[in-house]
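Student: quick one, structure for this:
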Amino acid sequence: MADQLVLGYWGIRGLAQPLRYLIEYLGLPYEEKRYLKPEEWFGGLGEAPFNTHVLVNLPYIKDGDKYVYESAALYVYLAHKANRADLLGSTPDEQVAVAQVRGVIQDALKGFFHLITLPEDQYAAKKDEVFANEVAWLIERLDKFIGENKWAAGANLTYIDFGLFELEETLKSFNAEAWAKFANLQKHHQEFSNLPQIKEYMASGRFLAGPFYPPGRFRWGF
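Tutor: Model prediction:
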């Protein structure tokens, strides 16, 4: 359909999964363009329209003839597209909280990426140390920061809750024992997964259960 958005990304959850949640929550008509092999993406970069775009990258949103790149920009674009600028933070304090949580999530995801890229002969010996030093303490901070709040930035849902939910999903998949320690994040996870749009999406055939990371690098998360 001509009025559908197109979400372009690899055939994994990765950086696009929170965007999938957001599009589904907003009820925007869309379809996905999943690049299953590196050559499917990189082989087209020398062709129109990508060869005319300076910031070309994955994920992207195509809206008619317009292309938007970079994950952080996509949340802003989608919120305004759906007339839901409140999801960016309704007050200065909410916007600051969103930015803070986003930074911690990004750092935790870097730690997870380090985990999955450990050489095979080092993985068993180093995975617990890397998890403790680069992931777990950041998750603990997020758990304390949320506290008794319903959502990451306070009383209102914002776009960062979509990213936080996917981080929670990643942690659950990687280390269920560690996940069980974070009561506030568990509460947030339950609240988010019970949003009607999210609940319907996760029960549908549109939902991408896995993998979380590229084939050849993931050891968990199917």
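Student: can we go C-alpha only for contacts and neighbour counts from here?
Tutor: Fine.
Student: you'd agree residue 78 is up against residue 23?
Tutor: Yes: with contact defined as CA atoms under 8 Å, residue 78 counts as touching residue 23 (7.3 Å).
Student: show the contacting residues for residue 54.
Tutor: Going by CA atoms under 8 Å, 6 or more residues apart in numbering, residue 54 touches no other residue.
Student: that one falls within a helix, correct?
Tutor: No: going by DSSP: H, G, I helix; E, B strand; the rest coil, the assignment for residue 54 is coil, not a helix.
Student: for it, phi and psi?
Tutor: phi -70, psi -40 (degrees, to the nearest 10).
Student: show me which helix runs longest in the chain.
Tutor: Ranked by number of residues, the top helix in the chain under DSSP state H is helix 92-116.
Student: looking at that helix now, give me its mean pLDDT.
Tutor: Per-residue pLDDT values over helix 92-116 give a mean of 95.
Student: what is it packed up against?
Tutor: Applying 3 or more CA pairs under 8 Å, 6 or more residues apart in numbering; DSSP states H and E, one finds that helix 92-116 contacts helix 120-131, helix 137-146, helix 160-174.
Student: give the buried residues for it.
Tutor: The neighbour-count check on helix 92-116 (16 or more other CA atoms under 10 Å) flags 94-95, 97-102, 104-105, 107-109, 111-112, 114-116 as buried.
Student: how close does the nearest residue to residue 111 once chain neighbours are set aside sit to residue 28?
Tutor: Distances taken as CA to CA, 6 or more residues apart in numbering put residue 134 closest to residue 111, at 4.8 Å, once the chain neighbours are dropped. Shown here: residue 134 relative to residue 28, a distance of 36 Å by CA to CA, to the nearest Å.
Student: and residue 176, by the same measure?
Tutor: To residue 28, residue 176 is 33 Å away according to CA to CA.
Student: looking at those two, which one has more neighbours?
Tutor: Legend: neighbour count by other CA atoms under 10 Å for residue 176 and residue 28, higher for residue 28 (15 against 12).
Student: contacts for the helix or strand residue 187 falls within?
Tutor: Counting by DSSP states H and E, the element that carries residue 187 is helix 183-193. By CA under 8 Å, 6+ apart, the surrounding residues in contact with helix 183-193 are 142-144, 146-148, 150-151, 161, 165, 168, 179-180, 198-199.
Student: which among those end up buried?
Tutor: Going by neighbour count (16+ other CA under 10 Å), the contacts of helix 183-193 have 142, 143, 146, 147, 150, 151, 161, 165, 168, 179, 198 buried.
Student: in the chain, what secondary structure element scores lowest on mean pLDDT?
Tutor: Using mean pLDDT, DSSP states H and E, the weakest-scoring helix or strand in the chain turns out to be helix 120-131, at a mean of 90.
Student: buried set for that helix?
Tutor: By neighbour count on 16+ other CA under 10 Å, the buried set for helix 120-131 is 127, 130, 131.
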